[in-house]
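1. My questions are about this predicted structure, shown below with the sequence.
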Amino acid sequence: MKQDSAGWQLLHSNTLFDSPWLSVFGEKVATPTRPQGVDWLVVRRPVAAIVAPRLPNGDFVLVQQERAAVRLVTWEFPAGQVAIGDDIAATAIREMGEEAGYATSEPLMALGSFYPSVGFTTEIGHLFVAKNVVAAPHALAPESSEAIYGICVVSPFTLREWVAIGKISDANTLALFARLVAKGLLE
């Protein structure tokens, strides 16, 4: 039996589904208030890297992506799952190139991490800002599973407006926006 932190203990785990992108487990977990355990479905996903590409003038680059699970086309900051053994910041840089066609010669600014949906998944998203990005003429093409509809450069004011009216609705971009605001990085 795996001992987690104080009051938490994995009592039983059964693999229900397994793929390179996610695994689903039926688990029984003892909690601080339920020592007898509670049954829960847990989705395990690789770590994610999310990056806010920022131009020298302070504007941000967003990508418009097709999202089959929710049957929407959404505006987002570039993001992707980190392969086992890969560097998280390097993944963010690669995703920025693949999805948006931008690059930077400066180190990324790390803004911490967050859990996109603590009710069912262990996934952790790592947030970054890439400063002084420039168009990368030789950027890699998006992965075959991605459908990039477009790329848009928006001012900090427009980014804030799009969040306020719900034009931006994905958790990764909203979390990165919140961290930018909390750290005073959005004028």
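-> Yes, it's here. Since this is a predicted model, take the numbers as computed values, not measurements. Numbering: from 1, shown residues only.
2. Going by C-alpha atoms from here, please, whenever you check contacts or count neighbours.
-> Will do.
3. buried ones in stretch 79-98?
-> By neighbour count on 16 or more other CA atoms under 10 Å, the buried set for stretch 79-98 is 79-82, 88-89, 91-98.
4. next one: stretch 151-169
-> Neighbour count says stretch 151-169 has I151, V154, S155, P156, L159, R160, V163, I168 buried, by 16+ other CA under 10 Å.
5. quick check, nearest of those to T121?
-> Nearest to T121 among the buried residues of stretch 151-169: I168, at 21.9 Å, using CA to CA.
6. Please give the number of neighbouring residues around T173.
-> The number of residues packed near T173 is 22, by other CA atoms under 10 Å.
7. Ok, N57 next?
-> For N57, the count of nearby residues is 10 (other CA under 10 Å).
8. Where do the strands of the chain begin and end?
-> For the chain, applying DSSP state E gives strands covering 2-3, 9-18, 23-30, 38-44, 48-53, 60-67, 72-76, 79-81, 102-103, 109-114, 125-130, 134-135, 148-154.
9. Tell me which of those strands is the most buried.
-> strand 48-53 (a mean of 27; mean count of other CA atoms under 10 Å).
10. Off-centre distance for it?
-> Centroid separation between strand 48-53 and its chain, computed with CA atoms, centre = their mean, to the nearest Å, is 7 Å.
11. now do stretch 177-187
-> The answer for stretch 177-187 is 17 Å, by CA atoms, centre = their mean.
12. Would you mark the buried spots in it?
-> Neighbour-count burial for stretch 177-187, counted by 16+ other CA under 10 Å, picks out F177, R179, L180, L186.
13. Distance-wise, check the spatially closest residue to the second one that is not a sequence neighbour relative to G85.
-> Residue nearest to R179 in three dimensions, not counting chain neighbours: L111, with 6.8 Å by CA to CA, 6 or more residues apart in numbering. For L111, the distance to G85 equals 21 Å [CA to CA, to the nearest Å].
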